[in-house]
Every structure is written in structure tokens, then in C-alpha cells.
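[1] Structure for this input, please:
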Amino acid sequence: MHPIVTQTTLCIEKLKFDKPGKICIVLEDGRELSVPLKYFPELKKLTLEKRKKYTIVDDRTILFTHSDLVYHLEDFFGLEGAWRER
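    Numbering: from 1, shown residues only. Next up, the predicted model:
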């Protein structure tokens, strides 16, 4: 199991879109993870205003109002599918 998956203290506080072409995940402990939107083509298609309409579920899952996809914190570390292991 990957160490990121086992760290249950990792909790998403909010998202930011203040850097062009990037999504920034702000964790509750103050760390920020900035990832290029090119890795999330569905989100890249959304306007900035639509990206800002999201809900954080269970501290580690993100649902966007204007997207049918479900995103997990592990997705932003390049560990797609690893969320199933936690």
C-alpha cells in the first residue's frame, strides 16, 4: 500500500484556481499541491466559474457540480485507483 494512501491525516481544506492552467489542492495542515489541469481534461474544459463549484466529501473526495467524474486526493498525486486501498 502506498504511504500517501495510509496517511489518514491528509484532508482537503479547499481548492484554488489562482494559477493559470493549474488546480491547487490546499490541505488542512497548510500544504498546497499544485497540479497542471492537463492531467484532468474534464476539469480543463470547464470555465473558471464552473470549476469553483465543488464539494469536498469525506475530506479526500471532490465532486464538481458541472462534471460527472469523481476525483480523489490520490488522483492529484498520480495514484489513480489507489484510493480503493485506503
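[2] Find the residue closest to the most centrally placed residue in the chain in space, skipping its chain neighbours.
    By Cα atoms, centre = their mean, the chain has its centre lying nearest to residue 73, at 5.0 Å. Excluding the flanking residues, the one nearest residue 73 by Cβ to Cβ, 6 or more residues apart in numbering is residue 60, at 4.2 Å. (Each C-beta comes from the backbone N, C-alpha and C, glycine too.)
[3] Now do the residue nearest to the centre of the chain against residue 30, distance only.
    15 Å (Cβ to Cβ, to the nearest Å).
[4] Over to residue 64?
    Applying Cβ to Cβ, the value for residue 64 to residue 30 is 24 Å.
[5] Quick check on those two: which one has the bigger neighbour count.
    A direct count of neighbours by other Cβ atoms under 10 Å for residue 64 and residue 30 places residue 64 higher, at 20 against 7.
[6] hang on, that one packs against residue 51?
    Yes: the criterion here is Cβ atoms under 8 Å, and residue 64 meets it with residue 51 at 6.9 Å.
[7] which residues do those two both contact?
    With contacts defined as Cβ atoms under 8 Å, 6 or more residues apart in numbering, the residues shared by residue 64 and residue 51 are residue 43.
[8] Show the residue spans covered by the helices in the protein.
    With DSSP state H, the ranges of helices along the chain come out as 3-6, 41-45, 48-51.
[9] Can you report how many residues lie near residue 32?
    11.
[10] hey, what's it bridged with?
    residue 26 (DSSP bridges).
[11] how about it, what does it touch?
    16, 24, 25, 26.
[12] Could you tell me the least trusted of the helices of the chain?
    Ranked by mean pLDDT, those end with helix 3-6 at the bottom, a mean of 54.
[13] that older thread, from the contacts of residue 32, list just the buried residues.
    Buried members of those, scored by 16 or more other Cβ atoms under 10 Å, are residue 25.
[14] What ranges does this protein have for its strands?
    Secondary structure of the chain (DSSP state E): strands located at 12-16, 22-27, 32-36, 54-57, 61-64, 70-72.
[15] Export the ones you listed as a markdown table, with columns for mean pLDDT and distance to residue 47.
    A markdown table is the format used below for the strands of the chain (pLDDT from 0 to 100; distance: least, Cβ to Cβ, whole Å):
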| stretch | mean pLDDT | distance to residue 47 |
| --- | --- | --- |
| strand 12-16 | 97 | 15 |
| strand 22-27 | 96 | 14 |
| strand 32-36 | 95 | 18 |
| strand 54-57 | 97 | 13 |
| strand 61-64 | 97 | 12 |
| strand 70-72 | 94 | 17 |
